[in-house]
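Chemist: quick one: sequence and predicted model below, then my questions.
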Amino acid sequence: AQSVTQLGSHVSVSEGALVLLRCNYSSSVPPYLFWYVQYPNQGLQLLLKYTSAATLVKGINGFEAEFKKSETSFHLTKPSAHMSDAAEYFCAVSEGQGGKLIFGQGTELSVKP
Amino acid sequence: GAGVSQSPSNKVTEKGKDVELRCDPISGHTALYWYRQRLGQGLEFLIYFQGNSAPDKSGLPSDRFSAERTGESVSTLTIQRTQQEDSAVYLCASSSSYNEQFFGPGTRLTVL
């Protein structure tokens, strides 16, 4: 069975600092991996996805994630945090591009001025 | 419409009542998904429709939950005899074949 673990339910960074949100997955087949963002009172929006092409994936708003098979990880990073990045971030895995998503518990990112 | 829409946006009901939640997917999207997001938790998969294939119901938590989809259009999630633990935001998503899932704004269900 597939599963996702997000380390840290809440991460706080200063504006301009590096953002690192951790995600580890478990999958018996080559996974498809996703990061979604949920801004307050808004729906989920896809940030980026890994679908077995390049291991370093670039997404919207300056975010990127690196697929590391040996570590079963797909951590999300952004070099410099902006106040507008404050939101909840969800990592998800599926067995195929069209399959159901299995989500992690989410990480709430706070950005301090 | 431009995106996935869901109705109602909020629903308050009494324990034991039945509720119906509606999802209108993006036109032309063959796949439709229902998820549940309880307060402070991640999203749980409930059910998945893909074209004319039998739906994947593996995430439905009990037989009080059911869902239907008419062709490749509207879907309705029904919860019978609601319980307080059913209180959550119910999210619908749709996708074209093998592409990203687009999520609706959700229906916030409160069971008193």
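Modeler: Good, I have the coordinates. Numbers count the residues shown, from 1 in each chain, chains lettered A, B, ... in the order given.
Chemist: could you pull up the residues touching residue A:13?
Modeler: Neighbour list for residue A:13: A:19, A:81, A:109, A:110, A:111, A:112 [criterion: Cβ atoms under 8 Å, 6 or more residues apart in numbering or on different chains]. From N, CA and C alone the C-beta is placed, and that goes for glycine too.
Chemist: if I read this right, residue B:30 contacts residue B:51, doesn't it?
Modeler: Yes. Assessed by Cβ atoms under 8 Å, residue B:30 is found in contact with residue B:51 at 4.8 Å.
Chemist: which one's more surrounded, those two?
Modeler: Higher neighbour count among residue B:30 and residue B:51: residue B:30, with 19 against 11, using other Cβ atoms under 10 Å in any protein chain shown.
Chemist: quick one, what contacts the more buried one?
Modeler: B:50, B:51, B:72, B:95, B:96, B:97.
Chemist: how about residue A:38?
Modeler: So residue A:38 contacts A:44, A:45, A:87, A:88, A:89, A:90, A:106 (Cβ under 8 Å, 6+ apart).
Chemist: ok so, going back, out of the contacts of residue B:30, which end up buried?
Modeler: B:50, B:72, B:95 (16 or more other Cβ atoms under 10 Å in any protein chain shown).
Chemist: lowest-confidence one in those residues?
Modeler: Ranked by pLDDT, these bottom out at residue B:72 (79).
Chemist: using the three-state scheme, assign it.
Modeler: For residue B:72, the assignment made with DSSP: H, G, I helix; E, B strand; the rest coil gives coil.
Chemist: list phi and psi for the nearest residue to it once chain neighbours are set aside.
Modeler: Leaving out its chain neighbours, the residue that sits closest to residue B:72 by Cβ to Cβ, 6 or more residues apart in numbering or on different chains is residue B:30, at 5.5 Å. For residue B:30, the backbone dihedrals are phi -90, psi -20 (criterion: degrees, to the nearest 10).
Chemist: what about residue B:30, distance to residue A:113?
Modeler: With distances taken as Cβ to Cβ, to the nearest Å, residue B:30 is found 45 Å from residue A:113.
Chemist: so who does the spatially most central residue of chain A touch?
Modeler: Here the mean C-alpha position of chain A is nearest to the C-alpha of residue A:35 (Cα atoms, centre = their mean), at a distance of 3.5 Å. Residues in contact with residue A:35, defined by Cβ under 8 Å, 6+ apart, are A:21, A:23, A:46-49, A:59, A:63, A:65, A:74, A:76, A:89-92.
Chemist: redo that, cut-off 10 Å
Modeler: Applying Cβ atoms under 10 Å, 6 or more residues apart in numbering or on different chains to residue A:35 gives the contacts A:21, A:23, A:45-50, A:57, A:59, A:63-65, A:74-76, A:89-92, A:104.
Chemist: can you give me the strands for chain B?
Modeler: Counting by DSSP state E, the segments of chain B that form strands are B:5-7, B:10-13, B:19-24, B:31-37, B:43-50, B:65-69, B:75-79, B:88-95, B:102-103, B:107-111.
Chemist: Serialize these to TSV and add fields for distance to residue A:31.
Modeler: Below are the strands of chain B laid out as TSV (distance: least, Cβ to Cβ, whole Å):
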stretch	distance to residue A:31
strand B:5-7	28
strand B:10-13	35
strand B:19-24	26
strand B:31-37	18
strand B:43-50	15
strand B:65-69	26
strand B:75-79	27
strand B:88-95	17
strand B:102-103	20
strand B:107-111	29
